[in-house]
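**Student:** next comes the sequence, and after it the predicted model I'd like to discuss.
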Amino acid sequence: MRITFEVPVSSPTRKKESFLESVSDKFPKMVLWFLTVFEMEGLDFRGTSLNRARKVVKELCYPAGERDSKYDCKGAVRFPHSHYYDTAITEAIQKWNSFLSWREKSGTGKRVPEIKAYAPVLDALMFELDLENGWITLKTGRGEKNVHVPITVPNKSHYEDLNEEKISSIRLKKKDDRFVFLLAQKSFSPKKPSPNELGEGPVIGIDLGERNLASLVAVRLGSQRPEIVNVKFFGGKEAKKLEHREQHVRKRLQERGKSGEVPGRGRKANDKKKDTCEKIAREIRETAEELGVGAAFIGDLKAPRPKNFGSLSRRLGNYPFSRLKEAIERHLGKAGIFVKLVYEGRTEDDLGTSQKCHRCGSEGERYRNRFTCSSCGLEDYNADLNASMNIAERGMKLLGRTEGLGAVP
């Protein structure tokens with residue numbers, strides 16, 4: 001598991017900012033150049049290991065020493081360090097594989113994917129960190145001075161876990177009108193428990209949504225049927241008000257010809273959203289630790305959303321649920337609790353977690369935040385709680401546990 005920390009660049013000199021601009025501008029061009037070569041050569045790396053694919057690309061595009069190559073990536077784009085080519089090759093291969101799969105499914109006639117922006121990736125040989133003094137040193141080629149970039153580590157509680165010795169790679173990203181570094185840190189991942197190891201201890205199912213940003217149910221699995229031991233809803237009242245207010249403020253600014261003020265407001269709103277995500281994640285962790293939870297299952301938000309969400313979908317359509325999910329994973333992982341993402345949608349063998357009745361397994365009806373099942377008579381049940389129950393059940397089945405998953409009161 002990897003945790004990403006966003007660290008802004010702090011008041012760089014013009015020369016240093018120009019260097020960052022150059023790298024940020026050249027990297028997507030380099031990736032696109034490789035993709036164009038892949039298309040011209042008819043390459044397909046999907047059945048090839050990454051190391052083998054990288055070797056093929058280097059022999060084709062990267063001249064070294066006395067070895068010539070058919071194409072010359074160094075002549076196409078000049079970087080201050082050879083490792084920029086290495087990381088661009090890796091990114092291009094992964095992007096090309098995804099594009100080929102998408103092209104086959106969609107039937108599109110596009111030859112290469114569009115690359116408008118691409119955050120440069122720097123591996124461990126390309127930078128040095130000094131978080132205590134607020135510096136990231138970017139290494140350059142022989143005979144050139146390294147570039148020392150000033151940074152500011154945010155004074156936020158979740159940044160206390162930032163450990164420079166565990167940073168494996170960083171990305172340089174331009175956000176609005178400033179640069180930020182995204183630090184990827186390796187994190188401990190709890191071992192997957194066996195059904196026997198879980199015993200009859202509680203597990204939790206977490207549904208992420210809009211009416212309640214997070215809905216948690218803790219279930220103890222007995223020999224006959226599961227028992228609900230705790231239920232918590234983390235409503236997004238403040239987030240909804242903030243998003244609703246910001247939506248109207250942005251609209252008024254644009255109508256008055258002040259669009260330049262919109263990015264600044266966006267940063268403040270994003271900071272508040274981050275704080276909300278961290279607060280919810282901490283509370284979920286505290287609840288899980290108090291209950292002695294052995295495993296947690298989080299609904300996968302990549303699945304299609306249910307109908308009848310109304311205007312809230314438009315208001316919170318841009319809410320960072322992926323950030324909330326990452327924060328919950330991180331906090332539970334720190335507590336030594338195994339976390340598994342569970343697909344929420346309909347499958348060949350099961351209904352979607354929002355459509356299935358947790359009591360009898362039949363297809364029910366969800367309207368706004370209420371759930372009704374005509375098959376077993378379940379009426380006016382909390383829809384988020386119903387989904388959380390189904391997420392917990394589906395997660396346990398993924399671990400191989402089938403006992404004690406009968407009807408729930």
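**Tutor:** Received it, and whenever you're ready, just let me know what you need.

**Student:** ok, Leu291 - contacts?
**Tutor:** Contact analysis of Leu291 by Cβ atoms under 8 Å, 6 or more residues apart in numbering lists Pro202, Ile204, Ala218, Val229, Asn230. All C-beta spots, glycine's among them, are computed from the backbone N, C-alpha and C.

**Student:** if we look at stretch 6-25, which residues are touching it?
**Tutor:** The contact list for stretch 6-25 (Cβ under 8 Å, 6+ apart) reads 79-80, 84, 119-120, 134, 136, 138, 147-154, 172-174, 178-183.

**Student:** scratch that, stretch 79-88
**Tutor:** Residues contacting stretch 79-88 (Cβ under 8 Å, 6+ apart): 19, 23, 26-27, 30-31, 34, 54, 62, 73-74, 120-123, 125-126, 139-141, 144.

**Student:** restricted to buried residues, select those in ChimeraX.
**Tutor:** Per 16 or more other Cβ atoms under 10 Å, the buried members of the contacts of stretch 79-88 correspond to this ChimeraX selection:
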select :19,23,26,27,30,31,34,54,62,73,120,121,122,126
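
**Student:** mind checking which of the contacts of stretch 79-88 are in strands?
**Tutor:** Within those, residues falling in strands by DSSP state E are Val121, Leu122, Asp123.

**Student:** what would these look like in JSON lines with distance to Ile284 and pLDDT?
**Tutor:** Compiled in JSON lines, the ones in strands among the contacts of stretch 79-88 are given as follows (distance: Cβ to Cβ, whole Å; pLDDT from 0 to 100):
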{"residue": "Val121", "distance to Ile284": "31", "pLDDT": "86"}
{"residue": "Leu122", "distance to Ile284": "33", "pLDDT": "88"}
{"residue": "Asp123", "distance to Ile284": "34", "pLDDT": "85"}
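
**Student:** need the per-residue pLDDT for Pro306.
**Tutor:** Note on Pro306: pLDDT of 37.

**Student:** low-confidence ranges, the stretch 201-350 of the chain, go.
**Tutor:** By pLDDT under 70, the low-scoring segments of the stretch 201-350 of the chain are 222-225, 236-237, 239-240, 243-244, 258-269, 301-319.

**Student:** could you redo the last one with a cut-off of 50?
**Tutor:** 303-318 (pLDDT under 50).

**Student:** show me where it has helices.
**Tutor:** Here the stretch 201-350 of the chain has its helices, by DSSP state H, counting those that start in this stretch, at 237-255, 262-291, 311-315, 321-334.

**Student:** of those helices, which is nearest Ser354?
**Tutor:** helix 311-315 (13.6 Å; Cβ to Cβ).

**Student:** from Glu6, how far out is Val339?
**Tutor:** Val339 is 22 Å from Glu6, where distance means Cβ to Cβ, to the nearest Å.

**Student:** tell me which residue lies farthest from the centre of this protein.
**Tutor:** Relative to the mean C-alpha coordinate of the chain, counting by Cα atoms, centre = their mean, the farthest residue is Glu66 (42.9 Å).

**Student:** show the pLDDT at that one.
**Tutor:** pLDDT for Glu66: 79.

**Student:** list the ones among the contacts of stretch 6-25 that fall in helices.
**Tutor:** If you go by DSSP state H, these have Tyr84 in helices.

**Student:** just the buried ones from the contacts of stretch 6-25?
**Tutor:** Of these, these count as buried by 16+ other Cβ under 10 Å: 79-80, 84, 119-120, 136, 138, 147, 149, 151, 172-173, 179-183.

**Student:** narrow those residues to those in strands?
**Tutor:** Secondary structure from DSSP E places Ile136, Leu138, Val147, Val149, Leu172, Lys173, Phe179, Val180, Phe181, Leu182, Leu183 of those in strands.

**Student:** and these as TSV, adding distance to Glu326 and pLDDT?
**Tutor:** Putting these into TSV (distance: Cβ to Cβ, whole Å; pLDDT from 0 to 100) gives the following:
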residue	distance to Glu326	pLDDT
Ile136	22	94
Leu138	26	93
Val147	30	93
Val149	25	95
Leu172	20	93
Lys173	16	91
Phe179	22	94
Val180	17	94
Phe181	17	94
Leu182	12	92
Leu183	14	92
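
**Student:** Asp384: which of these is nearest?
**Tutor:** The closest of those, once distances to Asp384 are taken by Cβ to Cβ, is Leu182, at 31.8 Å.

**Student:** any idea how far Leu20 is from the residue found closest to that closest one once you drop the neighbours it is linked to in the chain?
**Tutor:** Spatial nearest neighbour of Leu182, excluding adjacent residues (Cβ to Cβ, 6 or more residues apart in numbering): Arg171 at 4.2 Å. Noted for Arg171: a distance of 12 Å to Leu20, by Cβ to Cβ.

**Student:** how far away is the residue farthest from the centre of the chain from Glu114?
**Tutor:** As judged by Cβ to Cβ, Glu66 and Glu114 stand 37 Å apart.

**Student:** next: Leu122.
**Tutor:** Look at Leu122 and Glu114: by Cβ to Cβ, they are 24 Å apart.

**Student:** what about stretch 56-68, start to end distance?
**Tutor:** Taking Cα to Cα, to the nearest Å, stretch 56-68 runs 13 Å from one end to the other.

**Student:** what comes into contact with that stretch?
**Tutor:** With Cβ under 8 Å, 6+ apart as the test, stretch 56-68 has contacts from 34, 37, 41, 43, 45, 48, 69-74, 85, 89, 92-93.
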